[in-house]
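Enquirer: prediction below, plus the sequence it came from.
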Amino acid sequence: MALPITLSEIGPRISAGAFILNSGLGKRAADDQTAAGLHGFASGSYPFLEDVEPQQFVRVLSTAEIAVGAALLTPFVPTALAGAVLTGFAGGLLGLYLRTPGMHKEGSLAPTEQGLSIAKDVWLLGIGVGLLTRGTVDRGDRKVSRAARTLAKANRKVSRAERRAERRAVRAAA
């Protein structure tokens with residue numbers, strides 16, 4: 001049984017997965033000050049988070065990062081699913097970048113000094129979209145190729161049977 005990933009998908013999945021998993025594990029033991037800082041930053045961009053207690057927010061964030069990282073690092077998770085999860089996660093990070101004042105230059109997407117640490121997460125979005133594309137579009141091509149090989153194999157069997165039938169007919173006529 002083949003894994004649902006290819007060799008070309010291993011590098012992006014390991015790099016993004018290990019980075020995110022490490023980040024999630026690092027947040028597991030966040031103190032109250034760190035939790036309050038992360039919560040304040042996130043709730044400034046996503047107001048619905050204001051009602052969530054900071055320690056609970058950090059626990060959920062940590063668990064989500066661990067889950068995303070683990071999904072990327074687990075070869076049995078299909079590439080399309082891993083790509084969709086990473087794309088959603090990266091979209092949330094870039095939402096912070098776009099919604100937080102002072103992260104990018106006025107009238108531009110170019111990051112300020114303060115925004116550079118979050119703007120660089122655009123590479124996660126790129127990897128996510130690439131994996132999602134590879135897992136959906138390219139997999140379809142592979143399925144077509146598999147179907148074409150099966151059809152060719154069936155045609156060869158039919159051709160052999162036809163040749164045998166012709167030889168029998170020639171012998172019977174002789």
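Expert: All right, it came through fine.
Enquirer: so, low pLDDT: which residues of the protein?
Expert: Along the chain, the parts satisfying pLDDT under 70 run over 1-3, 138-149, 151-152, 154-155, 157-158, 161-162, 174.
Enquirer: where's the residue nearest to the spatial centre of the chain, which helix or strand?
Expert: By Cα atoms, centre = their mean, the chain has its centre lying nearest to residue 83, at 1.7 Å. If you go by DSSP states H and E, residue 83 is part of helix 79-99.
Enquirer: now for that helix, which elements pack on it?
Expert: Judged by 3 or more Cβ pairs under 8 Å, 6 or more residues apart in numbering; DSSP states H and E, the packing partners of helix 79-99 are helix 7-27, helix 32-45, helix 54-73, helix 116-119, helix 122-133. In short, each C-beta sits where N, CA and C put it, glycine included.
Enquirer: list of residues touching the third one?
Expert: Pointing back at helix 54-73 there. Identification of contacts with helix 54-73 by Cβ atoms under 8 Å, 6 or more residues apart in numbering yields 13-14, 16-25, 27-28, 30, 32, 34-36, 38-40, 42-43, 49, 52, 77, 81-82, 85-86, 89.
Enquirer: and the angle for that helix with helix 79-99?
Expert: With axes from the mean of the first three to the mean of the last three Cα atoms, to 10 degrees defining the directions, helix 54-73 sits at 140 degrees from helix 79-99.
Enquirer: check the longest one too.
Expert: Regarding helix 7-27 and helix 79-99, their directions subtend 50 degrees when assessed with the same axes, to 10 degrees.
Enquirer: give the other helices and strands that helix 7-27 contacts.
Expert: Here helix 7-27 touches helix 54-73, helix 79-99, helix 122-133, going by 3+ Cβ pairs under 8 Å, 6+ apart.
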